[in-house]
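Visitor: coordinates for the following, if possible.
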Amino acid sequence: MNGARPALLAFLLLGLLALSAGRAAADPSAVGKARLEALAFTDLAGWDADDHGAALSTFRRTCRAIAEERPSLRTALPADDGLKRACAAAPDPSTAGSVKAFFEDLFAPFEVVPPSGRGFLTGYFEPEYDGSLTQTESFPAPLLARPDDLASVPQGEAWPGLARLQAARRTAAGYEPYPDRGAIEDGALGALATPIVFLRDPVDAFIVHVQGSARIRLPDGRTVRVAYAGRNGYPFTAPGRIIVERGHVPLPEMNLERLTAWMRANPEEGREIMRLNRSYIFFRLADELAPEDGPIGGAGVPLTAGRSLAVDRNLWSYGLPFWLEGEAPQPGGGGAPFARLMIAQDTGTAITGPARGDLFVGTGAAAGTRAGMLRHPFRFVVLLPKP
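Guide: Numbers count the residues shown, from 1 in each chain. Have a look, this model is predicted:
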């Protein structure tokens, strides 16, 4: 949903309806349109059995960014003093006597109960594709660097003449709406269109736009990483929903594999549907990432598979721990109980509402399959710092 992500996998497929939204209220018993119900840690099924050390390592990564006041990739609610104190007290998981005790001593659990009564969890992943640093017959589809004339509208601000768009084009006369996807593909950026890598077709490029990051395997055997660097500010439109509405793929059969296969088999209509999504994403080469790192999330730090959660940045701060309980789908069918402590490190256009989350599953095709299967109701419990 990298926070980088302008949209997430379920949103790509079906444009899932968001749950209730709103800004965090001063009332500690509510956030947005959800109420917060105080719990004890003994109320969390599976709490004692979780790997709290893995969650603490992920938590500390965000804490370093908070302590150093690093700018986030996409701004969220600022960390309050309680979260900063918890960050300062976070021990090294390898030396801590009881990692579980750290969370129990510094935080209090509150169930997030939206008007619907249940939260909703989806999954996203880091795709991995073949590509080239130069345009060839085999790799014609570019990913573009952020243009110099792109200006991002700060969170919570509205600039005149932009109709609530989240980015603008900087001109000598002021700001104007940025070109949309179709215009950019038709050459509206001119010399400002700077490719950084080329993929095998527009469908691969579109999926990378949705995910906001990718690993690209080059012909010489090297792998480079691309990371989100900005967007043209338009809202996302889900192509999967359009394909289903037009009767091309039945709703129960829609998944990432069906979506990409249909668009490749129907290139003209597929191109028209992709252009209905006016949002366009720009990238940079992320040379600073180690091979074992996940992509960079909205908090500006690498994500951790199975522990990083994308949340509504208008309601929550990066670094907050969340406990999630539900049933996760299995590749062979059916489901299995899922209970885990995660850390808010990312955000996304589709992630709106206090009990709405997107779990970073991992990298590659298998992770993509698992992520695409995850569209389930979940119990959301936020761990708020104690006074």
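
Visitor: pLDDT weak spots in the chain?
Guide: 1-28, 96-97 (pLDDT under 70).

Visitor: for Val99, which non-adjacent residue is spatially closest?
Guide: His52 (4.2 Å; C-beta to C-beta, 6 or more residues apart in numbering). In this view, the C-beta of every residue, glycine as well, is placed from N, C-alpha and C.

Visitor: pretty sure that neighbour contacts Lys100?
Guide: Yes. Taking C-beta atoms under 8 Å as the definition, His52 is a contact partner of Lys100 at 4.6 Å.

Visitor: follow-up on the earlier one: identify the residues contacting the residue nearest to Val99.
Guide: Under the criterion of C-beta atoms under 8 Å, 6 or more residues apart in numbering, the neighbours of His52 are 99-100, 102-103, 341.

Visitor: so Gly298 belongs to a strand, correct?
Guide: No. Applying DSSP: H, G, I helix; E, B strand; the rest coil, one finds Gly298 to be coil, outside a strand.

Visitor: if I look at it, how far off is Ala366?
Guide: 24 Å (C-beta to C-beta, to the nearest Å).

Visitor: higher neighbour count, those two?
Guide: Gly298 (28 against 12; other C-beta atoms under 10 Å).

Visitor: could you measure from the more buried one over to Arg246?
Guide: From Gly298 across to Arg246, the span is 33 Å (C-beta to C-beta).

Visitor: follow-up on the earlier one: counting neighbours, which of the contacts of His52 comes out on top?
Guide: Result: Leu341 is most packed of the contacts of His52 (other C-beta under 10 Å), 25 neighbours.

Visitor: if it is in a bridge, with which residues?
Guide: Trp323 (DSSP bridges).

Visitor: please renumber so the chain begins at 42
Guide: Fine by me, first position is 42 from now on; the one you just mentioned is Leu382.

Visitor: returning to what we had before: the contacts of His93: which two are farthest apart?
Guide: Among the contacts of His93, the pair separated by the greatest distance (C-beta to C-beta) is Phe143 and Leu382, at 11.3 Å.

Visitor: quick one: buried residues of the top helix by length along the chain?
Guide: Longest helix in the chain by number of residues (criterion: DSSP state H): helix 93-108. Residues of helix 93-108 classed as buried: 93, 95-104, 106-107 (neighbour count, 16 or more other C-beta atoms under 10 Å).

Visitor: tell me the helix or strand right after it.
Guide: Sequence-wise, the next helix or strand downstream of helix 93-108 (DSSP states H and E) is helix 122-130.

Visitor: can you give me the strands in the stretch 242-391 of the chain?
Guide: 254-258, 264-272, 322-326, 349-351, 362-370, 376-387 (DSSP state E, counting those that start in this stretch).

Visitor: helices along the protein, start to end?
Guide: 50-55, 93-108, 122-130, 140-147, 222-226, 243-252, 280-286, 297-306, 308-317, 406-414.

Visitor: and Arg76, how far from Thr404?
Guide: Taking C-beta to C-beta, one finds Arg76 at 37 Å from Thr404.

Visitor: looking at the two, which one has more neighbours?
Guide: Thr404 (22 against 16).

Visitor: tell me who's in contact with the more buried one.
Guide: 166-169, 256, 335, 346.

Visitor: one more pass at 10 Å, please.
Guide: 166-169, 254-256, 266, 332, 334-336, 344, 346 (C-beta atoms under 10 Å, 6 or more residues apart in numbering).

Visitor: what's across from Tyr216 in the sheet?
Guide: Bridge pairing for Tyr216 - DSSP bridges - gives Arg211.

Visitor: distance check, Asn318 against Pro276.
Guide: For Asn318, the distance to Pro276 equals 9 Å [C-beta to C-beta].

Visitor: the two: which has the busier surroundings?
Guide: Asn318 (23 against 13).

Visitor: could you tell me how far the residue lying closest to that one once chain neighbours are set aside is located from Asp328?
Guide: Spatial nearest neighbour of Asn318, chain neighbours left out: Thr278 (4.2 Å); criterion: C-beta to C-beta, 6+ apart. Thr278 sits 32 Å away from Asp328, taking C-beta to C-beta as the criterion.

Visitor: equivalent analysis for Trp357, please.
Guide: 30 Å.

Visitor: and if you look at Arg319?
Guide: 30 Å.

Visitor: what's the answer for Ser157, then?
Guide: 43 Å.

Visitor: so which of the two has more stuff around it?
Guide: Applying other C-beta under 10 Å to Ser157 and Asp328 shows that Ser157 carries more neighbours, namely 14 against 8.
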